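Asker: missing the sequence, but the structure's below:
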């Protein structure tokens, strides 16, 4: 009886899966906090974990093109995903929207930003920051909102363009500007948000559809494909919503 149990246990040990793998994942900064929580869940469910690199989309693209050292990339838009596929750097027809981003007008001053964004019309502030619309999808969305509000030209003397969302957030936090447009996810909305904010309604700007891509080095990686499937589960979708996104 003992020998049967011994060999049964031995057989079980033989069929155990290989050691845990680290997936090399690049992520836009605005999604990286949510991704850390998803990483914890993935390790708990599958035994594998993510090695996460945080970068603006503008920097992720050259990293993918020049170093080829990532398996999966969480981008801030769909155009970059399509470009990576066209250039043969990502697996064709594998990218999909993992989150719909929300733009917010935010200030550290508790009473400055009202619930309708009327502060923009009054102009009762010194400077307002947003990422350069030419290089950042959130900056582009903020610009569209100001154009639709017929305020883009009027506010030009007060507008400060930044390189990315992180720089915009830093300028607001330092007091260099009174308020600015950033991603809601950067404020960790599942916690108490400091200051005051206005979530820009859809009628003023198009949705920000953020896509994830499977990169060529991981085309045959079953762990990478398991992770992409995991992203679509209710468990992960709940995490994404918690961090201030809508889910597709």
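Answerer: Arrived safely, thanks for sending. Computed from a predicted model, the values in this text were never measured in an experiment. Numbers count the residues shown, from 1 in each chain.
Asker: can you tell me how far the residue most central in space within the chain sits from residue 184?
Answerer: Taking C-alpha atoms, centre = their mean, the centroid of the chain lies closest to residue 31, which sits 2.7 Å from it. The spacing between residue 31 and residue 184, counted by C-beta to C-beta, to the nearest Å, is 12 Å. No exception for glycine: its C-beta is placed from N, CA and C like everyone else's.
Asker: Tell me where this structure has helices.
Answerer: All helices of the chain, identified by DSSP state H, fall at 2-14, 29-46, 57-67, 79-86, 119-122, 137-148, 165-174, 222-230, 234-242.
Asker: which residues are contacting the third one?
Answerer: Read that as helix 57-67. Defining contact as C-beta atoms under 8 Å, 6 or more residues apart in numbering, one finds that helix 57-67 is touched by 26, 28, 53, 55, 69-70, 73, 75-77, 80, 83-84, 87, 89-90, 135-137, 164, 215.
Asker: Can you say which of the residues you listed are buried?
Answerer: 26, 28, 53, 55, 70, 73, 75-77, 80, 83-84, 89-90, 136-137, 164, 215 (16 or more other C-beta atoms under 10 Å).
Asker: Please tell me how far the nearest residue to the residue nearest to the centre of the chain once chain neighbours are set aside sits from residue 147.
Answerer: Nearest non-adjacent residue to residue 31, counting by C-beta to C-beta, 6 or more residues apart in numbering: residue 74, 5.3 Å away. Using C-beta to C-beta, residue 74 is found at 28 Å from residue 147.
Asker: Looking only at neighbour counts, state which of these two leads.
Answerer: Neighbours per residue (other C-beta atoms under 10 Å) separate residue 74 from residue 147, with residue 74 holding more: 26 against 14.
Asker: what bridges to that one?
Answerer: Bridge pairing for residue 74 (DSSP bridges) gives the partners residue 27, residue 212.
Asker: Listing request: residues of this protein with sub-threshold pLDDT.
Answerer: 1-19 (pLDDT under 70).
Asker: one step back: can you give me every residue that contacts the residue nearest to residue 31?
Answerer: 25-28, 31, 35, 98, 210, 212 are the contacts of residue 74 under C-beta under 8 Å, 6+ apart.
Asker: can I see the domain layout of the protein?
Answerer: Using automatic domain parsing, the domain parsing of the chain gives 18-100+208-242, 103-199.
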